[in-house]
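In: return a 3D structure for these sequence lines:
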Amino acid sequence: MLIAGGGIAGLAAAIALHRLGIPIRVLESYPELKPLGAGLILAPNALEAISRFSPNLTAQIIAEGYPANVYKIKNDRGSVLSEVKIGEGTSPSYSLSRPELYKLLMEQLPEGTVTFGCRAVRIHNSLPTEPVQLELDNGEMLVARAVIACDGIHSAIRSQLLPRIQPRYAGYTCWRAIIHAPELAETMPQTFTETWGANGRFGYVPLTRGRIYCYALFNAPYKDPASMTLTPAGLQRRFAAFHFPIPQLLEQLTADSLIHTDLMDTPALPRFAFDRVLLLGDAAHAMTPNLGQGACQALEDAAVLYEYMQRKGTLQSAFTAIEGARMQRSQRIAKASWRIGKIAQLENPFFCRIRDILMQHTPSVIAKRQMSWLYHMPKSSS
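Out: I've put the predicted structure just below:
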């Protein structure tokens, strides 16, 4: 079986299939294991998903990651707008860098499983009675029983199968970085914090070994030259009035530590399964990062893939069942993330103040109920 894309979704899917004894080959366009990347948070539902197809990987993530059981949203003056206890009834969330997670995923696979430097560009045949033919960007044609497309938000395979589905810009851009600041890290024990203000948002997430994952978001046109060339000094000016420790964190930034991304998602897809071709991860349900669920949903995909591929039946029936198990939940999360982004990115000071008051007076039981749904992966169907 071929997997197009060697990101989190592709590697997790490969681990699930490998544990079932299914021969797999992963095709990754990047020339080597990605050495760069900022941080991410694996919420309790992600840990639950991983435990279903690779319990030892769960243990390694817990050992490598930084645990947190509180998520706070503050205004730019430092007042708490919302506070959620992450670990109530579940495990904590764990933060780690993307390269660390990639390394842990790769270690679960036999050497040579991933072929770097080749990109899948086109499906030539996906008829139920014949092998699937997959064309690479170098002109090579591969043949397999099935193809799982995990080639991201700009998926070439999805574009071929669903040409009307195109990524959409959320209206705001993001700068990410990991800094080493042990003294500042000690001020945020087991807490993830995001601050909302009229000038944008700023989040900081502690990692192990005195590191902190930081991200800054603000409204800007798509591919805005001023945003693309913004310097650490520019970020410091924009967020200078934000509460401690945000200005202090920004002082630690260097130009080579920053990663810039225009944030996007995809509209809800009408289907994930196409006979023996299946879309997973961002190829199927790319979402904005406002709920921190992009990687988590890719890992849920892998868990469901593991479950349904164990069952008897054709590949087509398995892929259709996976689509049925994953479509509603992933799309609901993507829509919720989009809505939260629009609220969080308000710029008018008057509307920001109204938003903040409403958040401060929202009963905690409502936030708890919402997080319970998000952080509990549905149980396996019989």
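In: going forward, measure contacts between C-alpha atoms and count neighbours the same way
Out: Noted.
In: contacts made by the least confident helix or strand in the chain by mean pLDDT with the rest, please.
Out: Sorting the helices and strands of the chain by mean pLDDT, DSSP states H and E puts helix 364-375 at the bottom, at a mean of 81. Helix 364-375 is contacted from outside by 43-45, 84-86, 90, 333, using C-alpha atoms under 8 Å, 6 or more residues apart in numbering.
In: pLDDT check: weakest of the residues you listed?
Out: Ranked by pLDDT, these bottom out at residue 90 (67).
In: pLDDT below threshold where in the stretch 251-382 of the chain?
Out: Scanning the stretch 251-382 of the chain for pLDDT under 70 picks out the ranges 381-382.
In: all strands for it, in order.
Out: Ranges of strands in the stretch 251-382 of the chain, per DSSP state E, counting those that start in this stretch, are 259-265, 273-274, 277-279.
In: would a markdown table of those strands with mean neighbour count and distance to residue 184 be doable?
Out: Formatted as a markdown table, the strands of the stretch 251-382 of the chain follow (neighbours: other C-alpha atoms under 10 Å; distance: least, C-alpha to C-alpha, whole Å):
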| stretch | mean neighbour count | distance to residue 184 |
| --- | --- | --- |
| strand 259-265 | 18 | 21 |
| strand 273-274 | 19 | 47 |
| strand 277-279 | 26 | 41 |
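In: looking at the ones you listed, which is closest to residue 120?
Out: strand 277-279 (12.9 Å; C-alpha to C-alpha).
In: relative to the whole chain's centre, how far out is the closest one?
Out: Centre-to-centre, strand 277-279 and its host chain are 19 Å apart (C-alpha atoms, centre = their mean, to the nearest Å).
In: what number of residues lie near the residue lying closest to residue 97 once chain neighbours are set aside?
Out: In this structure, residue 97 finds its nearest non-sequential neighbour in residue 39, 4.1 Å apart by C-alpha to C-alpha, 6 or more residues apart in numbering. Neighbour count for residue 39, taken as other C-alpha atoms under 10 Å: 22.
In: what about residue 39, distance to residue 248?
Out: Going from residue 39 to residue 248 by C-alpha to C-alpha, to the nearest Å gives 19 Å.
In: do the same with residue 357
Out: 27 Å.
In: and if you look at residue 173?
Out: Distance from residue 173 to residue 248, by C-alpha to C-alpha: 22 Å.
In: more crowded one of those two?
Out: When neighbours are counted by other C-alpha under 10 Å, residue 173 and residue 248 differ, and residue 173 comes out ahead with 23 against 14.
In: which residues does the spatially closest residue to the more buried one that is not a sequence neighbour contact?
Out: Spatial nearest neighbour of residue 173, excluding adjacent residues (C-alpha to C-alpha, 6+ apart): residue 262 at 4.4 Å. Residues in contact with residue 262 (C-alpha under 8 Å, 6+ apart) are 169-170, 172-174, 222-223.
In: can you check residue 361 too?
Out: Per C-alpha under 8 Å, 6+ apart, neighbours of residue 361: none.
In: residue 277 now?
Out: By C-alpha under 8 Å, 6+ apart, the residues touching residue 277 are 126, 146-149, 319.
In: would you mark the buried spots in stretch 215-229?
Out: 215-220, 222, 227-228 (16 or more other C-alpha atoms under 10 Å).
In: tell me the one of the residues you listed nearest residue 105?
Out: Of all the buried residues of stretch 215-229, residue 105 sits closest to residue 215, with 24.2 Å by C-alpha to C-alpha.
In: my read is that the closest one contacts residue 195, right?
Out: No. With contact defined as C-alpha atoms under 8 Å, residue 215 does not reach residue 195; the gap is 10.4 Å.
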